[in-house]
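In: Let's see this in three dimensions:
(4 chains)
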There are 2 protein chains.
Amino acid sequence: MSSELSAPFEPESVRVARVVREQIVDGSREPGSRLVERDLAAELGVSRIPVRDALRTLVAEGLVTPRPRTWAVVREFSDADVDHLHEVREATDPLHFRLAATRRSPEQLEALTEAWQREDAAARAGDGPTARRAGADFHERVVEAAGNPVLLELHLVIASRVRWLLGQHLDLQAIADEHRELLDAVRDGDGEAAARLAGAHLGTSRAAAQERRA
Amino acid sequence: MSSELSAPFEPESVRVARVVREQIVDGSREPGSRLVERDLAAELGVSRIPVRDALRTLVAEGLVTPRPRTWAVVREFSDADVDHLHEVREATDPLHFRLAATRRSPEQLEALTEAWQREDAAARAGDGPTARRAGADFHERVVEAAGNPVLLELHLVIASRVRWLLGQHLDLQAIADEHRELLDAVRDGDGEAAARLAGAHLGTSRAAAQERRA
DNA sequence: AGCGGGGCGATGGTATGCCATATTCGCCTC
DNA sequence: GAGGCGAATATGGCATACCATCGCCCCGCT
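Out: This is a model prediction of the structure:
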C-alpha cells in the first residue's frame, strides 16, 4: 500500500502519535487547542482508528488532556505542574544517574557521549530544537544505562514533558555544560558524584522556572 | 482514584479494562496466556474496538505484553522484574510517605484510615483478595495525599504490578501491621519517620520475595 | 429584551467487515 | 525420514458506517 522501506513494521497509530507529539512539544500546536479525531485523521490521511490509538498514547504521556464525550485538548502546563514534575525528578533523576554510573556498559557510555556531543554542537550553533532533542536523548540513554526497565518505563511516561521543560530553558549551553559533568561522573563510575550532580542539575532547572515566572 | 459519582458515563472500554485487569492481578488468567481480541470481545459481549482500547490501557499498565502483528499475552513476571520493581519503589515510596505525612488533609487521613481498617479486617479474616485490594487502596491513597498529580500518575503505571506483588505475599497480617505503623506516622505528620518506615516496609517485601525463590 | 425549549450539527463510542501478514501444518521432494 | 515449500488459517491493523449524546443556536413566548 505504501513505502515499506524494510522497516520492521510500524503501525500508522505509532506514526500518528509521533507526528502529533512532535508538534506538541515543539509548540506548533497551541496548548489548549482542540484535537478532533476526524480532523486529525483527514490531516494525516488515515482513518479515525489509528488516531484514536495515538491519542490514547499521548494521553498516557500526559501531553493531551482528555475530555470524555466532548473533545481532547493539547495539555496546558501550569506553574504547579512544573513544580510537581521537578519534585518527582528529584527522586528519580539521582537514581538514574547513580545506577547508570555503576552499571553502564561501554556501548552505553558511547551512546551517552554521542548524545552529549550532538547536544553540545547544537547548543553552540544555536539550534534549539536539535539541542533539546539531543538533551532528551541524553536523559533517556542514561535511564537505559541504569539497567532497570521499570525505571525506563516510568521515565517514558514523563519524558515528553521533560522535553517540553527543556524547551522552556533559554540557556541551552548551560544545560549542555552540566550534562558534560554528569557524563564525566558516569564515565568514572562515580555513582555518588553523579547523583549529587543530578540534584544540582535539577536545582538549575528549578531556578530557571522560578525566574521565568518573575 | 475513582470518584464514580453517580456514574455519569462509563465507556465499555473502561469496563473491559477493569474486568481483564482484575482477572490478571487475581491470577485467574495465566501469565503467558494469549489475549485474542476477537475472543475477548465475544466473551464480554462487545466488539473488538473497546477490547483494543482496553488492551492498550493494560499494556500501558505493564500487565499485558504486546506482540505486534501476532497476539498479546498476559505478562509474566521474572525474578528480575520483581527486583526492578523494588528498586524503583525504594526511590518513590519513601517520597510518597514523606509528602503524605506533611500534606495530607484531614479527609485524606480519614480515607487512609478507612483503607487500613478494611485491610486489617480482611487480613484477620483470611480473605486474601480483599486484603490485597485494600492494601493497594492504602498505597494509592497515600499517593493521593502526597498532593502531586505526576507522582500519582507514575504510581498508577506500576500500581497493578504492586498489587500483583502484594498477592505473592503470604503473611498478609504482617503487611497490615506495617501499614498501621505507616498510618500512624502520616497521622502524626512525621515525614522522616514515614519515609524511614516505608524503606523498612520495602525491605520486608524484598525479603519475602527472596524467600519465595529459595 | 430576556428566557426557555426544541432541533440540528458536531463529536466521540462502537459495530462490522476487509486486508495484510505471520504462523502453522501438511505434503512433496530428495 | 528430514527438510523445505506452499497453502490455509489465525489474527491484528485499518476503513467505513451508524448511533448516542452533548452543545449551541435560533425561534417563539412572555
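
In: Tell me the spacing between residue A:157 and residue B:169.
Out: As judged by Cβ to Cβ, to the nearest Å, residue A:157 and residue B:169 stand 26 Å apart. C-beta: built from backbone N, CA, C; applies to glycine.

In: Hmm, residue A:40 is touching residue A:16, no?
Out: Yes: using Cβ atoms under 8 Å, residue A:40 is in contact with residue A:16, at 7.3 Å.

In: quick one, which of these two is more surrounded?
Out: residue A:16 (24 against 20; other Cβ atoms under 10 Å in any protein chain shown).

In: near DNA strand D, which residues of chain A show up?
Out: Selection of chain A residues close to DNA strand D by Cβ under 7 Å from any atom of the strand yields A:11, A:12, A:13, A:41, A:46, A:47, A:48, A:49, A:50, A:53, A:69, A:70.

In: what about residue A:197, distance to DNA strand D?
Out: 41 Å (Cβ to the nearest atom of the strand, to the nearest Å).

In: what's the neighbour count on that residue?
Out: Counted with other Cβ under 10 Å, residues neighbouring residue A:197 total 23.

In: Can you name the helix or strand that it falls in?
Out: helix A:191-213 (DSSP states H and E).

In: for that helix, what is the average pLDDT?
Out: The average pLDDT for helix A:191-213 rounds to 91.

In: now it, how far from the centre of its chain.
Out: 16 Å (Cα atoms, centre = their mean, to the nearest Å).

In: do the same with stretch A:144-154
Out: For stretch A:144-154 - counting by Cα atoms, centre = their mean - the centre lies 14 Å from the chain centre.

In: picking that back up, type out the PyMOL command that picks the buried ones from the residues of chain A next to DNA strand D.
Out: In PyMOL syntax, the buried subset of the residues of chain A next to DNA strand D is picked out as below (16 or more other Cβ atoms under 10 Å in any protein chain shown):
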select buried, chain A and resi 12+13+41+46+50+53
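
In: quick one on the thing from earlier: mind saving the C-alpha coords of the helix holding residue A:197 as PDB?
Out: Coordinates of each C-alpha in helix A:191-213 appear next as PDB, following Å, rounded to 0.1, in the frame of the first residue of the first chain:
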ATOM      1  CA  GLY A 191      27.600   6.900  41.500                       C
ATOM      2  CA  GLU A 192      27.600   9.300  44.400                       C
ATOM      3  CA  ALA A 193      29.000  12.200  42.400                       C
ATOM      4  CA  ALA A 194      26.600  11.500  39.600                       C
ATOM      5  CA  ALA A 195      23.600  11.500  41.900                       C
ATOM      6  CA  ARG A 196      24.800  14.800  43.600                       C
ATOM      7  CA  LEU A 197      25.300  16.400  40.200                       C
ATOM      8  CA  ALA A 198      21.900  15.300  39.100                       C
ATOM      9  CA  GLY A 199      20.400  17.000  42.100                       C
ATOM     10  CA  ALA A 200      22.300  20.200  41.300                       C
ATOM     11  CA  HIS A 201      21.200  20.000  37.700                       C
ATOM     12  CA  LEU A 202      17.600  19.900  38.800                       C
ATOM     13  CA  GLY A 203      18.300  22.900  41.000                       C
ATOM     14  CA  THR A 204      19.300  24.800  37.900                       C
ATOM     15  CA  SER A 205      16.100  23.800  36.200                       C
ATOM     16  CA  ARG A 206      14.000  24.900  39.100                       C
ATOM     17  CA  ALA A 207      15.800  28.200  39.300                       C
ATOM     18  CA  ALA A 208      15.200  28.800  35.600                       C
ATOM     19  CA  ALA A 209      11.500  28.000  36.000                       C
ATOM     20  CA  GLN A 210      11.300  30.400  39.000                       C
ATOM     21  CA  GLU A 211      13.000  33.100  37.000                       C
ATOM     22  CA  ARG A 212      10.600  32.800  34.100                       C
ATOM     23  CA  ARG A 213       7.700  33.400  36.400                       C
END
